[in-house]
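>>> dropping a prediction and its sequence here:
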Amino acid sequence: MDVLLGNLDLFGPFFLTTIELFLISAVASLVLGTFLAMLRVSPVPLFRAVGTVYVTLVRNTPLTLVFVFLVFAYPLLAIIQLGYFTAAVVSLTLYTSAFICEVVRSGINTVPTGQAEAARALGLSFSQVLGQIVLPQAVRSVVPPLMSMLIALLKNTTIAAGFSVAEAGAIRQYLSDRGENQLVGLLWVALGFVILVALLSLLQRTLEKRWSVAR
């Protein structure tokens, strides 16, 4: 307890940064991932190709390399400079959205095609069919894998510590500078992540009960 109580000025703000990083990246990843899924199932070949290339490229690129590009290479190519926190958000969003895209697309494929055909017969456009008929059902059917992606995103935020973002993954280094027991500090960090993951798991069970799909 001495390591925790004696360093609350580290654990508190750093975990708060982790939560902020996760929440912003999670919302952005869900939006971008859903948009990519719409591209993947679009009747327009060009849109499908764009979505496929993006997902294939990003899913096969290590997250660390995405961070390296946004933190070190991008500033040399772009006029608009990104802060370390912003670069971390963009990196996590670009990476996670590719996986969320595949989860959402798998959910779209579980919706009977007859429903989409009936909606089109009523005169609904492609975007209306997806937004009003298909996506609401698709999201309900993929809650568990979607939450798994968000849990993975939460744990991936620790990579930002290696790129000058003061979040939970950087606590060990600061404890080392203070001469504290790093092993005990890491155990407290691990416990913090266990609590956050438990909260996400609780949210998953709540959504599953509320959005349960009759089979």
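That came through, no problem.
>>> rest of the way, CA atoms for contacts and neighbours
Noted.
>>> what's the next secondary structure element after whatever helix or strand Ser97 lives in?
Ser97 is part of helix 84-110, with elements assigned from DSSP states H and E. Following helix 84-110 in sequence order, the next helix or strand is helix 113-121 (DSSP H and E).
>>> run the chain-centre distance for that following helix.
When distances are taken as CA atoms, centre = their mean, to the nearest Å, helix 113-121 is centred 31 Å away from the chain's centroid.
>>> now stretch 152-166
12 Å.
>>> can you give me the end-to-end distance of that stretch?
End-to-end distance of stretch 152-166 (CA to CA, to the nearest Å): 19 Å.
>>> state the mean pLDDT of the helix ranked longest in the chain.
Longest helix in the chain by number of residues, with DSSP state H as the criterion: helix 8-40. Averaged across helix 8-40, the pLDDT comes to 89.
>>> angle of that helix against helix 84-110?
Interaxial angle, helix 8-40 versus helix 84-110 (axes from the mean of the first three to the mean of the last three CA atoms, to 10 degrees): 40 degrees.
>>> buried ones in helix 8-40?
10-11, 14-15, 17-19, 21-23, 25-26, 28-34, 36-40 (16 or more other CA atoms under 10 Å).
>>> show me where the protein dips below the pLDDT cut-off.
Residue ranges of the chain with pLDDT under 70: 78, 116, 126, 211-215.
>>> go again with 80.
Along the chain, segments meeting pLDDT under 80 span 1-10, 75-81, 109-141, 164, 174, 177-180, 182, 208-215.
>>> residues in contact with Ala170?
Taking CA atoms under 8 Å, 6 or more residues apart in numbering, we find Ala170 in contact with Phe14, Thr158, Ala161, Gly162.
>>> out of those, who's nearest Gly192?
Comparing the contacts of Ala170 against Gly192 with CA to CA places Phe14 closest, at 11.0 Å.
>>> the residue lying closest to that closest one once chain neighbours are set aside - how many residues pack around it?
The spatially closest residue to Phe14, leaving aside those adjacent along the chain, is Glu167, at 4.2 Å (CA to CA, 6 or more residues apart in numbering). Residues contacting Glu167 under the criterion other CA atoms under 10 Å number 26.
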